[in-house]
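S.K.: Give me a model of this one.
(2 chains)
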Amino acid sequence: MTTTTGLVARERVTTTTGLVTPAVPVLPRTRRRIWTEAGTVRLLFALVAAADFAFGMWMSSRGFRWGDAYSRSVSALLALYSTDPHLAAIGFIWMPLPTLLQLPWMAFYPLWQGMISTGFALSMTTALAGGVTAVIIYRTGRRMGIAKGIALAYTGLVVLNPMLFLFAGNGESEGVAAPGFVGAVCALLLFWRTGQRLYVMWAGIGLAWAFACVYEAGVIGAVLLVVLIAGILLGSREVTRANPQGPWRAVQGLSTVFLFPSLCVGVTWVISNAVIFGDPLYFAHAQYSDGVQNKALAAAGSAGAYQDKGELLASLQFAAERTWPFLIPIAGILIVRLLDRRLLRFQVLAVAALACCVPFGLMVYVIFRGETIGYLRYFMYPLFVGPGWGVYEIAVSSRRTRTTFLMLAMWVAAIPATLWVMYQPSLGRELESATLHGLLTGGSGNEIANTRGRRAQGNPEGFINVLSDNAPLARYLEAGPLKRGKVLADSVAAWPIAAEISPSELRNRLILSPDRRFKSIVLNMWGQHIAYVVVPDPALVPSDEVDRVYPRLWADKQPGFRQVRYLPNTFDKWRVFQVVRPGTPPSVARVSSDRTMQAAAPTSFFSSARVPADLLGRHA
Amino acid sequence: MTWRDTRITRPTGGKRDQTRPDGGDGTLPNDGRRIGTLLLEAGEINPASLASALREQSHSGGRLGQILVAEGSVRPRAVTSALSRQLGVAEVGPHDRPIDLLPVSVARRLRSVALATNPDEQNGGAISVAVVDSSPDVLTQLEEQLGQPVVPKLGGELALEDMLRQLYAERDAREINEELRSAEPELSAYSRQLSMFQLVTLVTLGILVIGGLVADAAFTATVAVGLSMGFYVLTGAFRIVVAAKGWRAGPTVSPTDHELDALSDRELPTYTVLVPLLREKVSTLRVLFDALRSLDYPKHKLDGILLVEVDDVATLEAIAEVRPLPWLRTLVVPDGKPRTKPRAMLYGLRYARGEFLTVYDAEDKPDPLQLKKAVWGFRHLGPEVGCLQASLSYYNPRQNLLTRWFTLEYDSWFGIFVPGLQAMGAPIPLGGTSNHFPVAILNQIVGWDPFNVTEDADLGVRLARRGFGTAILDSTTYEEANSRTRSWLRQRSRWIKGYMQTLLVHTRHPRTLVRDLGVRRTVEFLAVMGTAAVSPLISLVFWALLVLWVAFEPHWIAQLLPGPVYYASLISFVLGNLTIILLGLVAAVERGHDDLSFYSLLIPLYWLLMSVAALRAFVELIVRPHHWHKTEHGLHLDLDEASA
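M.R.: From the prediction side, this is the model:
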């Protein structure tokens, strides 16, 4: 038996070929090697997470604030510190994981109110996810037998891809979902490579993680399932050997393993919607849902992808313009296979389907239906497929050096291409272009916003700094109304205020829509001792509940209310009204007939899905 | 081929010759020829059998007579007669009567029994002693023990055992009940009394609960629910950690075919196989003997003991009908209480001849290579390893939904959790069968506790407390999954009752427990036993609360679950349950049970059954703690016969 001096306790002792693990005795722990595999992994994680976090904090400090990400933070905040703290306040429109992951940070909010406004919580969340993504790629490479240096170089190039790097720092859902997607693909390929069935479970868990972040995971999951089945039926010798009951039984067993975690997420989500809102598909039907808002937006004929509605070729072109730089690593895979004469295999179809299913499948479909604005991030999904598959190609290639060089070169080539697309104001219109501009010129978000103009004026290149835009309203409320009584607002648009006011007022005075009494309070503000109500321009925020119940309120034509403040320079054109006497809302009958909203009333709801009215699009 | 018999040392020469009166040593004129020749001449064997036995002897060593008997080529009595002639030592006759002159330990060790003086014999004042081995060394020891000259009489192993039983059965029956109780009374489940610590804890808790209920019932109930949930969450997290470690670790002892081939049969030790039987059917025994026949181990080095209760006529008749394998012998367990499997095994341990010992149940089908793997494992692991536990699985998983669930449970327990516990160095509750021990260690820790109805789990903990480890053997024994709900409930309630017993026994003196195991392993022990014994009971309460809430939404349930408790419950309910289901699902698929994957999604219903069993176990623990629910075997065979 080989001696084991130096191995840590219970590490397996290798005999000539078999295995024996010491049952109880603990071998003396010798001094660790400095550059161990575990040490490398820890260092890689720390470096990548630190870089992502630093970039995220820089963006926040310079005013490049991603509205959806901040909205997630505020949802987590309201779950813990609103007038009615409860978990359901995280919202039931977007998939919940990115918000849930911010709850631990929010536990420290009373100690440091800058948790949201500085961008710490959201940046840290995606930065940690970015670190995990890097570790997954690296460890996949190592498990596939790739040398440490190459695995590190490859991982470095992937995490430095501008889109992946940006979204690992900005707090958006795609950044949180990244390790799930990348991990699912890597685990599936490790299963192909080794035949170890445990990897299928990890693929399933990865997919479930991604699915708990973004709905797009449903499409990728469906394709992954097909790929898994194809792999079992047509795959490697290792996979075939691991099927003791034959391939079809393996399909049954492994598909169940793969789908189970995602099914759990989906079923839990639907049951939560059903239990809390009385509608299992509340997230799809509700007043705040993407579908409803997109329809309203399409009816308004806004800019962005909506102009391509009904045009298949234009929709395809729209997707292609945004997707091509993300497909460069995939192209590298095809080139490698062509050179290795392995092009005519099902794996080629699999990688192509995985890479294209979201941008050229789901996205083209919703563009064609006019239901999305088509932000660049909706097309970045090939970047989640490429990392794992590239490693796999290096591992299986008969000419590993050439393949390694080619794959690294493709990831290098993807960097400037991605930067170019991001920099184009018409393509990187969310904040990508502005952020890059800020990086190059040193300008702040507000300066660039002022230069480019705001989207409210119909400028597609403009953007909104959500917190600073609403800061005047928060300052006004803090200075007056909140000192004098309770203030009511629908958080669909008013959520940024929550991040700007003190926790005590958030707990006691500012009543937002997550409060389970919100619906009844809206109908009877006087009776519920509401002193002030804040409403946005209903033309900009059609889903605001107060505006819906009191359609003439914003125009200052609603009896019982007196306008005390108008903030025309805010994006939502906020008006603050004092409740001066009881009154029956004119639209109460209509509201009562809305079964969905009635069902929601006794419990609670909160949608963080609010986005600027002319920018409504699909959400993560 | 060399016609080379094993030579038996003749009782002549050396010190013994000088101390014994000439011609009065009971020796007869010896034949001097080899035993094979003698047996051939007597017509007891044919040349082919002899040739086969000699081949086996040259391959694996051992005595020719034993090989011939183990292969079923000759009657044991014929071998004894031949040896008697060869050595010139008289044979034990039908009129020889054993007497209790030798201390039982010496009698067992030297496999010798003093015989009553026969008036027809002229021994010159010497005592006749029945021996299996008449070597000078044995005889000298006997003389020293008795203080008188000894006249040996050769007897077969079975004859000697029979005499030992005649003399010592009652004493054995008494001793096996008392051995652990007297050696380590605090570790025996015999006493139903709580220790002072347990009593004080219980009284304090009782006072707190009653006082709390009087002062503020709602708050007290909320605290109780919160604590229960905390326990539930922690044990759930522990299970996940164990599973994660189990996957990384895998089985401890996993020799390759090449390494097993390299094991020399000559170096293989005698292996005792204990098979406790109770009210077994002929069909069950047929399957059992077929399975044991397939064991890849030199048969003459197998010491198989069928343990049958003295009044279990049905099993004795069934054995006679099926005719056991030549290397299996039947040992009748004397009457006594409690009538438990560990008691029978303790009795069997007294007659074990092997260096190692394993236990199989009547319905077991062990991996043919299991014994060799265990020997390989013991040879490669240190002396501190007290047990090698093989995996258990079922050969009738597809019989019905219950057997499917049972199989899935075993898949995850032996596939991930047991290896995980081993990797952590935690005490491992052993499985009921296929655990392999060095006999010396088993004797050292006084074997099983006859009063514990899960003696296997208890033994695992006692091994750990005495500093012995348990390792996992990469070998599977297939058993029969209980296919009838009532029978399953009886079996499971016995198991859970045993876990409760084990938990109570080992927590009598917490300081001693911590001293024996250390803090970490004590916590691990509590988590393992707590999960097994207490969680199913708590689950029942929480499931009831959930059903009540969904059906009626009573206000008091909301009060019981304030914010943090509610969220912990929610996380435990959703994440915990789904994770455990996923782990079971993956364990099943990892073990190749692809077709059972779907059924793992329904396993919460199985957990519900477990909770019912736990409730029954709790009641039984109070009412009849030592009662052993016999698990009915051969149900799948009944089904096969019916369908045929």
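S.K.: The helix or strand harbouring A:Phe260 - what's its average pLDDT?
M.R.: Taking DSSP states H and E as the definition, A:Phe260 sits inside helix A:247-277. For helix A:247-277, mean pLDDT rounds to 91.
S.K.: What is it packed up against?
M.R.: If contacts are counted by 3 or more C-beta pairs under 8 Å, 6 or more residues apart in numbering or on different chains; DSSP states H and E, helix A:247-277 sits against helix A:198-211, helix A:217-234, helix A:282-285, helix A:595-600, helix B:577-590, helix B:597-600. C-beta: built from backbone N, CA, C; applies to glycine.
S.K.: Mean neighbour count, the ones you listed: which tops it?
M.R.: Each of these was scored by mean neighbour count; the highest is helix A:198-211, a mean of 26, by mean count of other C-beta atoms under 10 Å in any protein chain shown.
S.K.: show me the contacts for B:Leu295.
M.R.: B:Val273, B:Leu302, B:Pro366, B:Pro368, B:Gln370, B:Leu371 (C-beta atoms under 8 Å, 6 or more residues apart in numbering or on different chains).
S.K.: Quick one: distance of the host helix or strand of the first one to the chain centre.
M.R.: Under the criterion of DSSP H and E, B:Val273 resides in strand B:271-277. Computed by C-alpha atoms, centre = their mean, to the nearest Å, the chain-centroid distance of strand B:271-277 equals 8 Å.
S.K.: now the stretch 51-200 of chain B, which segments are flagged as low pLDDT?
M.R.: B:118-124 (pLDDT under 70).
S.K.: how about the helices of it, start to end?
M.R.: B:64-70, B:76-87, B:104-110, B:136-146, B:157-183, B:196-249 (DSSP state H, counting those that start in this stretch).
S.K.: Against which helices or strands is the last one packed?
M.R.: Yep, that's helix B:196-249 we're talking about. Helix B:196-249 packs on helix B:418-424, helix B:519-533, helix B:535-552, helix B:555-560, helix B:563-571, helix B:577-590, going by 3+ C-beta pairs under 8 Å, 6+ apart.
S.K.: closest one to chain A among the ones you listed?
M.R.: Of all the helices and strands packed on helix B:196-249, helix B:577-590 sits nearest to chain A, with 4.4 Å by C-beta to the nearest C-beta.
S.K.: ok, and does the closest one reach over to chain A?
M.R.: Yes - counting by C-beta under 8 Å from any C-beta of the partner chain, chain A is contacted by helix B:577-590 at B:Leu578, B:Ile581, B:Leu582, B:Leu585, B:Val586, B:Ala588, B:Val589, B:Glu590.
S.K.: can you list the contacts of B:Leu295 in JSON lines and add distance to chain A?
M.R.: Conversion of these to JSON lines gives the following (distance: C-beta to the nearest C-beta, whole Å):
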{"residue": "B:Val273", "distance to chain A": "22"}
{"residue": "B:Leu302", "distance to chain A": "24"}
{"residue": "B:Pro366", "distance to chain A": "19"}
{"residue": "B:Pro368", "distance to chain A": "17"}
{"residue": "B:Gln370", "distance to chain A": "15"}
{"residue": "B:Leu371", "distance to chain A": "16"}
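S.K.: Report the buried members of those.
M.R.: B:Val273, B:Leu302, B:Pro366, B:Gln370, B:Leu371 (16 or more other C-beta atoms under 10 Å in any protein chain shown).
S.K.: surely the second one meets B:Pro269?
M.R.: Translated: B:Leu302. No - using C-beta atoms under 8 Å as the test, B:Leu302 is too far from B:Pro269 to be in contact (10.7 Å).
S.K.: overlap in contacts of the two?
M.R.: The overlap between the contact sets of B:Leu302 and B:Pro269 (C-beta under 8 Å, 6+ apart) is empty.
S.K.: list the contacts for B:Ala390?
M.R.: B:Pro366, B:Asp367, B:Gln370, B:Ala374, B:Gly431, B:Ser434, B:Asn435, B:His436, B:Leu473, B:Ser475, B:Thr476, B:Thr477.
S.K.: Please apply the same query to A:Val396.
M.R.: So, once contact is read as C-beta under 8 Å, 6+ apart, A:Val396 ends up touching A:Arg193.
S.K.: for B:Arg174, same thing?
M.R.: B:Arg174 touches B:Gly336, counting by C-beta under 8 Å, 6+ apart.
S.K.: Likewise for B:Phe289?
M.R.: Going by C-beta under 8 Å, 6+ apart, B:Phe289 touches B:Val322, B:Pro324, B:Leu325, B:Leu328.
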